[in-house]
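Trainee: need a structure here:
(one chain, ligands or ions: 1)
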Amino acid sequence: MTSNIDSRLILEARAASLVFPHSFVFGAATAAYQIEGAPDADGKGESIWDRFCKRSGVIVDSSSGDIACDSYHRWKDDISVLKALGLGAYRFSFAWTRLLPTGRGAANAKGIAFYDRLIDDLLEAGIEPYATLYHWDLPQTLQDAGGWYNRDTADALADYAARAARSFGDRVKRWTTLNEPWTFCWSGHASGEDAPGFCDGARGGVVASHHALLGHGKAVPAIRAEVTDASVGIVLDLNVAEPASGDPQDVAAAQRFDGAQNRWYLDAVFKGAYPQDMLELYGDLLPAIHAEDNELIAAPIDYLGVNIYRRSVIAAGDELSPLNYRRIQPAGSYSAVGYEIWPRCMYDILRYVNDRYAPKEIHISENGVATQPEQVSADGHVWDELRAAYYVDHLEQVAKAAAEGVPVRGYFAWTLMDNFEWAYGYTTPFGITHVDFNTQRRTIKYSGEVYALIARQENMATSGSAARG
Ligand code: NOJ
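Mentor: Reported below is the predicted structural model:
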């Protein structure tokens, strides 16, 4: 029988033996609504998440992001954690309504000043900022005008992108337009667990998705026009869909699921056309797709961000008609949000994306695991061995794909610190750093230490050590 200490040593040895390509980027990710708090400080406008959390029964612990990690005031603490972890990059998002309180028009100087401080302090700490424009917090005024059901929201996103690029592009070179359109379009408009909380079925998901992708397509050149040396991409949440059995009905359901979650976005961005089988399946549910839309959406990008948490085992069923699928939960271990822990999903999705779409560069823009809330123990540690093993297991799969030539250039842990996990509130932390929400004290967890071990060795390699690949 191995003791906890033995199993930690074994895990740490595995972590230390991982080999990544030269100049591989290790970072951690967050999003504005999940960490910043200060929902109306210094002229910030209301977002759909500010509004959604006020509805009763939508957040399991009836909480909100009103305070969260208070990063609006404590961003220096966040940077200290990034530094202590030895990470080279920080993926964060701008709160659209801090920069443009009503979504369009005049910019809010105090909102700009906040991100100026954050960016300047990151650069001073030697940490590269990776900025996401849209991580789900649409300005409520734009929602009142139809939100992602309104084609004009695509133009609003492009104008906001240009404004942000003008303000920060001298220092921020890595830009992401959208984070996870599949989730914010479908969970926000089809099934209603996320803001704005519409239960409009597949039509909601499809209409919102087209306008969001259009916004992406318009934002890409808008960013480039302001920042000639910008590297611009989109972050998609992808899952390899495995049929639950060889039954043709299950195979067809997995194909539909893959079409809805993966190919709809990847084909549009990389091939300039939605997949034919899905166009036929959606039929009357589709919004007006104008002649120029496909080309706009396929604006060339510099990198693809992939958020990956699990695989999807799919059988025929009655979820979200006409997708008509049912998710199977194979025997195994599961995270606190019910995701199967299946490290191979990482390798499989990297191969899937590379073999079918050949992006110039791929970043794993999110990967991580939720647990039950944790405590700092008397010895000052948070012993989250499950999460530490999750990172080593998944990073092994990244290293394997990289060794086979998949151009995966970076990895971002989700998430830098425990924060507001949307409809789960504060009940399912994902952080590599524990946050005591009474005191706002940040404590790096064991998983953070193990992740740092991997990241630090790579930093040695980038500064010239021959020790690693
Ligand atoms: C994806 C989202 O981008 C992020 O906001 C969320 O917290 C994580 N997944 C975990 O659910």
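Trainee: packing partners for the longest helix anywhere in the chain?
Mentor: Criterion DSSP state H: the longest helix present in the chain is helix 201-226. Packing partners of helix 201-226 (3 or more C-beta pairs under 8 Å, 6 or more residues apart in numbering; DSSP states H and E): helix 152-168, strand 174-179, helix 181-189, strand 231-237, helix 264-271, helix 293-297. From N, CA and C alone the C-beta is placed, and that goes for glycine too.
Trainee: Give me every residue in the protein lying close to the ligand.
Mentor: 31, 34, 179-180, 307, 366, 414, 421, 430 (C-beta under 6 Å from any ligand atom).
Trainee: Figure out which of the helices and strands packed on helix 201-226 is closest to Tyr446.
Mentor: strand 231-237 (26.7 Å; C-beta to C-beta).
Trainee: Residue ranges in this protein under the pLDDT threshold?
Mentor: Low-confidence segments of the chain (pLDDT under 70): 1-2, 458-469.
Trainee: how about 50 then?
Mentor: 459-469 (pLDDT under 50).
Trainee: the strands in it, which residues?
Mentor: For the chain, applying DSSP state E gives strands covering 25-29, 89-93, 128-134, 174-179, 231-237, 241-243, 303-307, 312-319, 325-328, 362-366, 408-414, 433-436, 441-444.
Trainee: can you put those in TSV and add mean neighbour count and distance to Gln143?
Mentor: As requested, the strands of the chain are exported to TSV (neighbours: other C-beta atoms under 10 Å; distance: least, C-beta to C-beta, whole Å):
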stretch	mean neighbour count	distance to Gln143
strand 25-29	26	25
strand 89-93	25	18
strand 128-134	24	13
strand 174-179	26	16
strand 231-237	24	21
strand 241-243	21	31
strand 303-307	25	24
strand 312-319	19	26
strand 325-328	18	29
strand 362-366	26	25
strand 408-414	25	26
strand 433-436	22	29
strand 441-444	17	33
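Trainee: ok so, going back, quick one, which of the helices and strands packed on helix 201-226 is nearest to Phe92?
Mentor: That would be strand 174-179 among the helices and strands packed on helix 201-226, by C-beta to C-beta, at 10.3 Å.
Trainee: residues making contact with that closest one?
Mentor: For strand 174-179, contacts defined as C-beta atoms under 8 Å, 6 or more residues apart in numbering pick out 31, 89, 91, 93, 128-136, 157, 161, 165, 184, 212-213, 215-216, 219-220, 223, 227, 230-235, 305, 307, 365.
Trainee: repeat that for 7 Å
Mentor: Contact with strand 174-179 is made by 31, 93, 128-136, 161, 165, 212, 216, 219-220, 223, 230-235, 305, as judged by C-beta atoms under 7 Å, 6 or more residues apart in numbering.
Trainee: Figure out how far that strand is from the centre of its chain.
Mentor: Averaged C-alpha coordinates place strand 174-179 at 10 Å from its chain's average position (C-alpha atoms, centre = their mean, to the nearest Å).
Trainee: Name the strands paired with it and say parallel or antiparallel.
Mentor: Strand 174-179 pairs in its sheet with strand 128-134 (parallel), strand 231-237 (parallel), by DSSP bridges.
Trainee: The last one: how far from the chain's middle?
Mentor: Shown here is strand 231-237, whose average C-alpha point lies 9 Å from the average C-alpha point of the whole chain (C-alpha atoms, centre = their mean).
Trainee: How about stretch 412-427?
Mentor: 11 Å.
Trainee: Repeat that for stretch 143-159.
Mentor: So, by C-alpha atoms, centre = their mean, the centroid of stretch 143-159 is 21 Å from its chain's centroid.
Trainee: How about residues contacting that stretch?
Mentor: Contacting residues not belonging to stretch 143-159 are listed as 48, 103-104, 134, 138, 142, 185, 189, 196, 207-208, 211-212, 214-215, 218-219, 222 [C-beta under 7 Å, 6+ apart].
Trainee: hmm, back to that, okay, the helices and strands packed on helix 201-226 in CSV with distance to Pro343 next?
Mentor: Listed next are those as CSV, based on distance: least, C-beta to C-beta, whole Å:
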stretch, distance to Pro343
helix 152-168, 35
strand 174-179, 23
helix 181-189, 21
strand 231-237, 17
helix 264-271, 22
helix 293-297, 32
